[in-house]
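Participant: let me see the structure of the following:
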Amino acid sequence: MTAMAASRFGLLCQTRQQVLSGPIRQFSVSRQQLAPAATSNDDDNVGFSQMVMNFVEAASKRVCENIIQNERVPREKPEQKRARVEGMFKVILPCNHFLEMNFPVRRDCGQIEIIQGYRAQHSQHRTPSKGGMRYDIHVSADEVRALAALMTYKCAMVDVPFGGAKAGIKIDPSQYSTTELEGITRRFTIELTKKGFLGAGIDVPAPDMGTGEREMSWMMDTYAMSFGHGDLNAHAVVTGKPITQGGIHGRVSATGRGLFHSVEQFINNTSFMQLIDLAPGFKDKTFIVQGFGNVGLHSARYLHRAGARCIGVIERDGSIFNPEGIDLKELEDYKIENGGIRGFHGAAATTDDLLIAECDILVPCANEKQITSKNAPDIKAKIIAEGANGPTTTAAHRILLERKRLIIPDLYANAGGVTVSYFEWLKNLNHVSFGRLTFKYEHDSNVHLFNSVETSLGNFFPDKKVPIYPTAEFQRRMAGASEKDIVHSGLAYTMERSARQITNAVSKYNLGLDLRQAAYICSLEKIYTVYRDAGLTFT
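Facilitator: All right, here's what the predicted structure looks like:
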C-alpha cells in the first residue's frame, strides 16, 4: 500500500468512526419481536420512520419464518439456522449511516444564515446508495431516515442494484433566490463529499421535492470541479441531470410513467379486479390526483391517455373538480403561468375533501401520512396508487384492506424514477447514449427485410407485382430504437416483471389484497439473499 493510499485508508476509517456513525437503532428479530407492531405504534401519530418499520416488521416475520423452514444448509442445526437468519435481519433493518450538518451561507442581502441538512444511507448491501434530495421546510431527521429505508426496499423491489439513501435540506426554496439556492446546493455537495457521502460508486443523489435538473447539474459540476477532478465517471455522481450534462431522455416523466404502468398491471388483472368488484381496464374509469407536481402531472397524463378520466385535482392552493373531466394540458399550462391551480376555468373550485370523493382510482402524490384512520373509512376509490412516499398510515392501510380496497404500494408504484435513474447511471458509466451504436444498423436491417420479402414474393408471382407496405407503427420503428424508446421499454418491462413478483408473493403467502406486504416480502427476500451470499466483512 502506498503512503497516499495508507493515508486515505486511515482517513476513511477515522471518518467512518467519528462522522458517519449516526445513532443506529438495533431491532431484535426473535419470533415474538418480529410480530407486527403493537397497537400503540400502529396508529396515525407515530413518526414516519416508525411507520415504515411497522410495515417492514410485519413482512419480516413471514419472510424470516419461511426462510427458516425452507432453506437447507448442509450440517447446520435448526437452532444455528434460526440464529443465523434472525441475525441477518438485524443487519437488514437499521439505518447504516446518518449525517446531520449545519453550514453557513451568505444571502444576497449580506446576511449569514445557518442551513441544516441531512443525508441517510440506510443500506450498502448494494452500492452505490441511491436516493433523492429534497428541499422542504418540513424536512426532519426522522423523515430522511424513513425515506432512505423506503429506497432500500424500493430498489430491491424493481431489481435496481442500489442501496437506499435520502438527503434533505430544511429550507423553503421559494424564499431563496436562484443565486442563493445555487450556493446552498454547492456547499451541501462539498460537505457530503468531505464526509464520504458522495461518489459514483458510493452514494448517488437524485431530484426529489423542491429540486430538479438544475440542482443536480450544480451538484455534478461542483463535484467534478473539486473532489472529482480527473474522475472519468464524475457525471455519474448524480442522476436526474439535464440532457446536456449527461442526463437521459425519459427521466423527468419516469416516476409518473412508472405509476401508470403499476396501475396498468393490476387494473387489467381480472382476479384482483373481481376482489374489489371493479371491471378490468381503464375504459370509463375516473381518477383524482392529490398533488399536481412532477409525479402527479405525469401520472395523470398517462392515465388519461390510457382512457381514464381525471375529475379532480388537489393542490396546496386549493382543489378543483369537474365530473366531465379536466383538460390536463390546459391545467398544466395554467399552473406554469399562474403558479397554482386556483382560478382554473376548466373546473370548479371546491372545499370538499376530494380524497374521499367518488372515483375509481385515487392517486396521492403529495406528502406522507395523507390517508389516515380518520379518512380511510370514507375513501370511495377502489384503487389507491401511491405516487408519494408513505401516504398511507399503518392504521389506514389495515382499514382499507378490510374495506376491500386495492393499494398499489409506494415501494412499487413510484419506483419508475429510480429505475430510469439506474439507466442514466449506466449511461454515464458507459459514456455512450443508449441506441447510438445500433440505431443505423437496425434501420438498415429492417429495410433489407422488407426488400427480401418483396423480392421473394416477386419470384413466386413473376407476372404480378406484390408491393409490401409497413404498418404505421412498424414504419415508426423501422428507424431503430432511440434512447427514449429504450428507456420507456426498459421501464415498462421492469414494472411488468415486478408486478409478477408481487402477484406470486400474494399467492405464495396467501395475502389477498395486501400488495404492500407482498412487495416488502419480495424486497426482503432479495436483500437477505445478497447478505447471505456475501457474508459479513471483518467479523
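Participant: distance of the nearest residue to Ala381 once chain neighbours are set aside from Ala306?
Facilitator: Spatially, and ignoring its direct neighbours in sequence, Ala381 is nearest to Leu362 (3.7 Å; Cβ to Cβ, 6 or more residues apart in numbering). Where C-beta positions appear, they are placed from N, C-alpha and C, glycine not excepted. Distance, Leu362 to Ala306, by Cβ to Cβ, to the nearest Å: 16 Å.
Participant: ok, those two, which is more surrounded?
Facilitator: Taking other Cβ atoms under 10 Å, Leu362 and Ala306 do not tie; Leu362 has more neighbours (27 against 15).
Participant: quick check, the more buried one in a strand?
Facilitator: Yes. When classified by DSSP: H, G, I helix; E, B strand; the rest coil, Leu362 is found to be part of a strand.
Participant: quick check: bridge partners of it?
Facilitator: With DSSP bridges as the criterion, Leu362 is bridged to Ile288, Ile384.
Participant: got a pLDDT number for it?
Facilitator: Looking at Leu362, its pLDDT reads 97.
Participant: ok, Ser30 next?
Facilitator: 36.
Participant: likewise Val46?
Facilitator: 89.
Participant: list the contacts for it?
Facilitator: Going by Cβ atoms under 8 Å, 6 or more residues apart in numbering, Val46 touches Asn54, Thr394.
Participant: what distance do you get for it to Leu515?
Facilitator: 22 Å.
Participant: for Gly339, same thing?
Facilitator: Going from Gly339 to Leu515 by Cβ to Cβ gives 36 Å.
Participant: these two: which has the busier surroundings?
Facilitator: Counting neighbours by other Cβ under 10 Å for Gly339 and for Leu515 shows that Leu515 has the greater number, 25 against 10.
Participant: can you verify my assumption that that one contacts Arg405?
Facilitator: No. Assessed by Cβ atoms under 8 Å, Leu515 is found out of contact with Arg405, at 10.7 Å.
Participant: which helix runs longest in this structure?
Facilitator: Using DSSP state H, we find that the single longest helix of the chain is helix 483-509.
Participant: can you tell me the average pLDDT over the helix or strand just after that helix?
Facilitator: Going down the chain from helix 483-509, the next helix or strand is helix 515-534, by DSSP states H and E. For helix 515-534, the mean per-residue pLDDT is 95.
Participant: packing partners for helix 515-534?
Facilitator: Other helices and strands packing on helix 515-534, by 3 or more Cβ pairs under 8 Å, 6 or more residues apart in numbering; DSSP states H and E, are helix 48-70, helix 78-92, helix 141-157, strand 406-408, helix 410-413, helix 483-509.
Participant: distance of Pro74 from Gly87?
Facilitator: 19 Å.
Participant: actually Val466, not the one I typed
Facilitator: Distance of Val466 to Gly87, computed by Cβ to Cβ: 70 Å.
Participant: what does Leu93 give?
Facilitator: For Leu93, the distance to Gly87 equals 11 Å [Cβ to Cβ].
Participant: tell me the SS of Leu429?
Facilitator: Going by three-state DSSP: Leu429 is helix.
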